[in-house]
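S.K.: Below are the sequence and a predicted model for it; my questions follow.
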Amino acid sequence: MTSRSAATAPETYDDERYDATPFLPRRGGLPAYRRAAADCQGCPLHRKASGTVFGRGPAHARLMLVGEQPGDREDLEGKAFVGPAGKLLSRALRDAGIDEEDVYLTNAVKHFKFTEEETRKRRIHKAPSLRETLACRPWLVAELRLVSPELIVTLGATAGRSLLGPSFRVGADRGVPQPLPDLGEEAADAAGGEIRVIPTVHPSAVLRSQDREEMYAGLVADLRAAAEAL
Ligand code: URA
Ligand code: SF4
(Lines give C-alpha, C1' and ligand atoms only; values in the text may rest on other atoms or scores of the structure.)
(Ligands and ions follow the chains in the order given, each with its own letter.)
Protein backbone atom coordinates (compact mmCIF):
# COMPACT_ATOMS: atom_id res chain seq x y z
CA MET A 1 0.00 0.00 0.00
CA THR A 2 1.32 3.44 -0.73
CA SER A 3 0.67 6.33 1.58
CA ARG A 4 0.27 8.77 -1.28
CA SER A 5 -2.92 10.77 -1.44
CA ALA A 6 -5.16 10.33 -4.43
CA ALA A 7 -4.14 13.46 -6.29
CA THR A 8 -4.07 13.21 -10.04
CA ALA A 9 -1.67 15.20 -12.14
CA PRO A 10 -3.23 18.00 -14.11
CA GLU A 11 -2.56 17.97 -17.85
CA THR A 12 -1.69 21.62 -17.74
CA TYR A 13 -0.51 23.62 -14.79
CA ASP A 14 -1.53 27.09 -13.78
CA ASP A 15 -0.05 29.12 -10.94
CA GLU A 16 -2.33 27.63 -8.35
CA ARG A 17 -1.57 24.11 -9.35
CA TYR A 18 2.21 24.24 -9.00
CA ASP A 19 2.17 22.64 -5.58
CA ALA A 20 3.47 19.40 -4.10
CA THR A 21 1.05 19.52 -1.16
CA PRO A 22 -1.60 17.14 -2.58
CA PHE A 23 1.10 14.47 -2.98
CA LEU A 24 2.36 14.57 0.59
CA PRO A 25 1.34 11.67 2.83
CA ARG A 26 -0.78 12.61 5.81
CA ARG A 27 1.39 10.70 8.22
CA GLY A 28 4.54 8.64 8.46
CA GLY A 29 8.25 9.18 8.78
CA LEU A 30 10.94 9.90 6.22
CA PRO A 31 10.53 6.54 4.41
CA ALA A 32 6.83 7.24 3.82
CA TYR A 33 7.63 10.72 2.52
CA ARG A 34 10.40 9.39 0.31
CA ARG A 35 8.01 6.82 -1.21
CA ALA A 36 5.31 9.41 -1.79
CA ALA A 37 7.75 11.91 -3.30
CA ALA A 38 8.61 9.32 -5.96
CA ASP A 39 5.12 9.94 -7.40
CA CYS A 40 5.00 13.71 -7.04
CA GLN A 41 3.57 15.58 -9.99
CA GLY A 42 3.23 18.89 -8.20
CA CYS A 43 4.94 20.81 -11.00
CA PRO A 44 5.99 19.97 -14.57
CA LEU A 45 9.57 19.03 -13.64
CA HIS A 46 8.66 15.39 -13.02
CA ARG A 47 7.89 14.91 -16.71
CA LYS A 48 11.40 14.97 -18.15
CA ALA A 49 13.46 13.87 -15.16
CA SER A 50 14.19 10.18 -14.50
CA GLY A 51 12.86 10.30 -10.97
CA THR A 52 12.55 12.13 -7.70
CA VAL A 53 15.74 12.58 -5.72
CA PHE A 54 14.80 12.78 -2.06
CA GLY A 55 17.17 13.69 0.76
CA ARG A 56 19.51 11.20 2.39
CA GLY A 57 21.27 10.85 5.71
CA PRO A 58 20.53 10.17 9.37
CA ALA A 59 16.86 10.63 10.30
CA HIS A 60 17.82 12.89 13.20
CA ALA A 61 20.89 14.64 11.91
CA ARG A 62 21.87 17.81 13.78
CA LEU A 63 23.03 19.40 10.55
CA MET A 64 21.06 19.61 7.30
CA LEU A 65 22.54 20.81 4.02
CA VAL A 66 20.16 22.07 1.36
CA GLY A 67 21.29 22.29 -2.27
CA GLU A 68 19.40 23.45 -5.34
CA GLN A 69 18.23 20.42 -7.27
CA PRO A 70 19.66 17.09 -8.39
CA GLY A 71 22.09 17.24 -11.29
CA ASP A 72 22.53 14.84 -14.19
CA ARG A 73 24.25 12.11 -12.15
CA GLU A 74 21.91 12.47 -9.21
CA ASP A 75 18.95 12.13 -11.57
CA LEU A 76 20.35 8.92 -13.04
CA GLU A 77 21.32 7.38 -9.70
CA GLY A 78 18.38 8.70 -7.69
CA LYS A 79 20.74 9.90 -4.99
CA ALA A 80 21.57 13.46 -3.90
CA PHE A 81 25.07 14.90 -4.29
CA VAL A 82 26.81 12.02 -6.05
CA GLY A 83 28.05 13.99 -9.11
CA PRO A 84 30.89 16.51 -9.47
CA ALA A 85 29.33 19.09 -7.11
CA GLY A 86 28.68 16.36 -4.56
CA LYS A 87 32.29 15.21 -4.72
CA LEU A 88 33.48 18.76 -4.13
CA LEU A 89 31.03 19.11 -1.26
CA SER A 90 32.31 15.89 0.33
CA ARG A 91 35.85 17.24 0.20
CA ALA A 92 34.76 20.59 1.65
CA LEU A 93 32.94 18.84 4.50
CA ARG A 94 36.07 16.83 5.27
CA ASP A 95 38.24 19.94 5.18
CA ALA A 96 35.80 21.63 7.56
CA GLY A 97 36.03 18.72 9.99
CA ILE A 98 32.45 17.53 9.41
CA ASP A 99 31.70 13.83 9.04
CA GLU A 100 29.40 13.51 6.00
CA GLU A 101 27.79 10.47 7.63
CA ASP A 102 26.35 12.79 10.29
CA VAL A 103 24.73 15.15 7.79
CA TYR A 104 21.29 15.05 6.15
CA LEU A 105 21.75 16.13 2.51
CA THR A 106 18.83 17.33 0.46
CA ASN A 107 17.73 19.80 -2.19
CA ALA A 108 15.21 22.63 -2.44
CA VAL A 109 13.80 21.05 -5.63
CA LYS A 110 13.56 17.27 -6.00
CA HIS A 111 13.55 16.82 -9.78
CA PHE A 112 16.37 17.63 -12.22
CA LYS A 113 15.61 20.54 -14.53
CA PHE A 114 17.58 20.67 -17.75
CA THR A 115 17.66 21.61 -21.39
CA GLU A 116 18.92 19.24 -24.04
CA GLU A 117 21.87 20.20 -26.15
CA GLU A 118 20.90 18.78 -29.51
CA THR A 119 24.33 18.23 -31.01
CA ARG A 120 25.95 16.37 -28.14
CA LYS A 121 22.83 14.99 -26.52
CA ARG A 122 24.00 16.43 -23.24
CA ARG A 123 21.59 17.48 -20.56
CA ILE A 124 22.40 20.99 -19.40
CA HIS A 125 21.36 22.01 -15.90
CA LYS A 126 18.79 24.78 -15.77
CA ALA A 127 18.03 26.66 -12.57
CA PRO A 128 14.54 26.03 -11.19
CA SER A 129 12.14 28.97 -11.24
CA LEU A 130 10.78 30.48 -8.06
CA ARG A 131 7.39 28.87 -8.82
CA GLU A 132 8.97 25.43 -9.05
CA THR A 133 11.01 26.07 -5.92
CA LEU A 134 7.94 27.09 -3.96
CA ALA A 135 5.94 24.16 -5.37
CA CYS A 136 8.55 21.74 -4.09
CA ARG A 137 8.99 23.44 -0.73
CA PRO A 138 6.44 21.27 1.13
CA TRP A 139 8.82 18.29 0.72
CA LEU A 140 11.67 20.29 2.19
CA VAL A 141 9.51 21.57 5.03
CA ALA A 142 8.46 17.97 5.76
CA GLU A 143 12.10 16.88 5.85
CA LEU A 144 12.82 19.73 8.24
CA ARG A 145 9.95 18.77 10.48
CA LEU A 146 10.94 15.09 10.52
CA VAL A 147 14.72 15.41 10.79
CA SER A 148 14.45 18.44 13.06
CA PRO A 149 18.06 19.59 12.67
CA GLU A 150 19.64 22.23 14.90
CA LEU A 151 21.31 23.92 11.98
CA ILE A 152 20.74 24.22 8.24
CA VAL A 153 23.33 25.26 5.68
CA THR A 154 21.77 26.57 2.47
CA LEU A 155 24.00 26.08 -0.56
CA GLY A 156 23.40 28.82 -3.13
CA ALA A 157 20.52 31.11 -4.02
CA THR A 158 17.73 28.59 -4.68
CA ALA A 159 17.97 26.95 -1.25
CA GLY A 160 18.25 30.40 0.33
CA ARG A 161 15.17 31.65 -1.50
CA SER A 162 13.21 28.59 -0.42
CA LEU A 163 13.97 28.96 3.29
CA LEU A 164 14.92 32.62 3.79
CA GLY A 165 12.53 34.32 1.37
CA PRO A 166 12.22 35.07 -2.38
CA SER A 167 14.54 38.07 -2.29
CA PHE A 168 17.42 36.11 -0.74
CA ARG A 169 20.88 36.48 -2.29
CA VAL A 170 24.15 34.98 -1.13
CA GLY A 171 25.74 38.12 0.31
CA ALA A 172 27.45 39.66 3.27
CA ASP A 173 25.64 37.48 5.77
CA ARG A 174 27.00 34.23 4.35
CA GLY A 175 28.66 32.07 6.97
CA VAL A 176 26.69 33.78 9.72
CA PRO A 177 24.01 31.83 11.64
CA GLN A 178 20.57 33.41 11.50
CA PRO A 179 17.17 32.29 12.75
CA LEU A 180 15.03 30.25 10.36
CA PRO A 181 11.99 32.39 9.49
CA ASP A 182 8.54 31.08 10.31
CA LEU A 183 7.69 28.38 7.77
CA GLY A 184 4.04 28.23 8.67
CA GLU A 185 1.91 25.64 10.34
CA GLU A 186 3.45 22.65 8.55
CA ALA A 187 6.77 23.20 10.27
CA ALA A 188 5.47 24.65 13.52
CA ASP A 189 6.76 21.74 15.55
CA ALA A 190 10.15 21.62 13.83
CA ALA A 191 12.62 22.01 16.69
CA GLY A 192 10.40 24.55 18.39
CA GLY A 193 11.52 27.37 16.10
CA GLU A 194 15.10 27.09 17.34
CA ILE A 195 16.61 26.18 14.00
CA ARG A 196 19.37 28.41 12.69
CA VAL A 197 20.46 28.82 9.09
CA ILE A 198 23.90 29.53 7.66
CA PRO A 199 23.85 30.58 4.02
CA THR A 200 26.79 29.84 1.76
CA VAL A 201 27.64 29.35 -1.91
CA HIS A 202 26.72 26.31 -3.96
CA PRO A 203 29.51 23.79 -4.70
CA SER A 204 28.62 24.00 -8.43
CA ALA A 205 29.41 27.72 -8.30
CA VAL A 206 32.85 26.81 -6.95
CA LEU A 207 33.34 24.42 -9.89
CA ARG A 208 32.35 27.16 -12.37
CA SER A 209 34.34 29.91 -10.70
CA GLN A 210 37.35 31.63 -12.28
CA ASP A 211 38.87 31.74 -8.86
CA ARG A 212 38.15 28.25 -7.66
CA GLU A 213 40.62 28.14 -4.82
CA GLU A 214 39.40 31.27 -3.14
CA MET A 215 35.76 30.32 -3.51
CA TYR A 216 36.45 26.81 -2.23
CA ALA A 217 38.21 28.27 0.81
CA GLY A 218 35.13 30.42 1.43
CA LEU A 219 32.85 27.39 1.28
CA VAL A 220 35.07 25.50 3.73
CA ALA A 221 35.18 28.51 6.08
CA ASP A 222 31.36 28.71 6.09
CA LEU A 223 31.09 24.97 6.75
CA ARG A 224 33.59 25.34 9.57
CA ALA A 225 31.39 28.09 11.01
CA ALA A 226 28.53 25.57 10.87
CA ALA A 227 30.59 22.97 12.72
CA GLU A 228 31.38 25.54 15.39
CA ALA A 229 27.78 26.65 15.71
CA LEU A 230 26.61 23.12 16.55
N1 URA B 1 23.64 20.07 -6.93
C2 URA B 1 22.69 20.11 -5.97
O3 URA B 1 22.26 21.16 -5.56
N4 URA B 1 22.25 18.96 -5.50
C5 URA B 1 22.68 17.79 -5.89
O6 URA B 1 22.19 16.79 -5.39
C7 URA B 1 23.68 17.78 -6.87
C8 URA B 1 24.14 18.92 -7.38
FE1 SF4 C 1 7.01 17.51 -7.18
FE2 SF4 C 1 9.15 18.95 -6.58
FE3 SF4 C 1 9.27 17.22 -8.55
FE4 SF4 C 1 7.91 19.46 -8.87
S5 SF4 C 1 10.12 19.28 -8.58
S6 SF4 C 1 7.20 17.39 -9.42
S7 SF4 C 1 7.04 19.74 -6.82
S8 SF4 C 1 8.96 16.72 -6.41
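M.R.: Perfect, thanks for sending it. Remember, it's a predicted structure, so these values are computed and weren't measured experimentally. Ligands and ions are numbered 1, 2, ... in the order given.

S.K.: For the residue nearest the centre of the chain, give me phi and psi.
M.R.: When C-alpha atoms, centre = their mean is applied to the chain, the residue found nearest the centroid is residue 107 (1.4 Å). Residue 107 adopts backbone torsions of phi -130, psi 150, taken as degrees, to the nearest 10.

S.K.: near ligand 2, which residues of this structure?
M.R.: Within the chain, the positions adjacent to ligand 2 are 20, 37, 40-43, 45-46, 52, 109-111, 132, 135-136, 139 by C-beta under 6 Å from any ligand atom. C-betas here are computed from N, CA, C, even on glycine.

S.K.: Helices of the protein, start to end?
M.R.: For the chain, helices defined by DSSP state H occupy the ranges 30-37, 72-77, 84-95, 130-147, 156-164, 203-208, 212-229.

S.K.: Same list (those) but as JSON lines, adding mean neighbour count and distance to residue 121.
M.R.: Below are the helices of the chain laid out as JSON lines (neighbours: other C-beta atoms under 10 Å; distance: least, C-beta to C-beta, whole Å):
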{"stretch": "helix 30-37", "mean neighbour count": "19", "distance to residue 121": "28"}
{"stretch": "helix 72-77", "mean neighbour count": "18", "distance to residue 121": "12"}
{"stretch": "helix 84-95", "mean neighbour count": "19", "distance to residue 121": "19"}
{"stretch": "helix 130-147", "mean neighbour count": "22", "distance to residue 121": "24"}
{"stretch": "helix 156-164", "mean neighbour count": "23", "distance to residue 121": "26"}
{"stretch": "helix 203-208", "mean neighbour count": "19", "distance to residue 121": "21"}
{"stretch": "helix 212-229", "mean neighbour count": "17", "distance to residue 121": "28"}
